[in-house]
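>>> My questions are about this predicted structure, shown below with the sequence.
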Amino acid sequence: MQQLNLFDLPVEQKQGAIQVHDKVKFLLLDESVDSEVHYYRKYYFGHVIGKVGNVLEVEGRTVLVKIANEEILFEIRELEWIA
């Protein structure tokens, strides 16, 4: 028996939640979840943390988002869908 968390969901289940033209907010992953991604995003993309952008493309677990005139690739787990 294996315990799953939100990040272990199959791509198909997550992908249905975020689609092209959706509005999403970039959330910085907690350091305990993935410290490498946390520090990379904090250093290079600190200016867009918490900002809302538009989804341009979704491919697997990767999402291309336009935030503040920049096009940035994110993992689905780094984004929050905005209604």
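Thanks, I have the structure now.
>>> only C-alpha atoms for contact and neighbour calcs from this point on.
OK.
>>> top helix in the chain by residue count?
Looking across the chain with DSSP state H, the single longest helix is helix 35-44.
>>> Report the next helix or strand after the longest strand seen in the chain in sequence order.
Among the elements of the chain assigned as strand by DSSP state E, the one spanning the most residues is strand 52-59. The first helix or strand that comes after strand 52-59 along the chain, using DSSP states H and E, is strand 62-67.
>>> who does that following strand touch, helix- and strand-wise?
For strand 62-67, the contact count by 3 or more CA pairs under 8 Å, 6 or more residues apart in numbering; DSSP states H and E identifies strand 52-59, strand 70-75 as packing neighbours.
>>> and these, which is most packed in?
When the helices and strands packed on strand 62-67 are scored by mean count of other CA atoms under 10 Å, the highest mean neighbour count falls to strand 52-59 (a mean of 19).
>>> got the contact list for stretch 25-37?
Contacts of stretch 25-37 from elsewhere in the structure, counted by CA atoms under 8 Å, 6 or more residues apart in numbering, are 38-39, 41-42, 48-53, 77-82.
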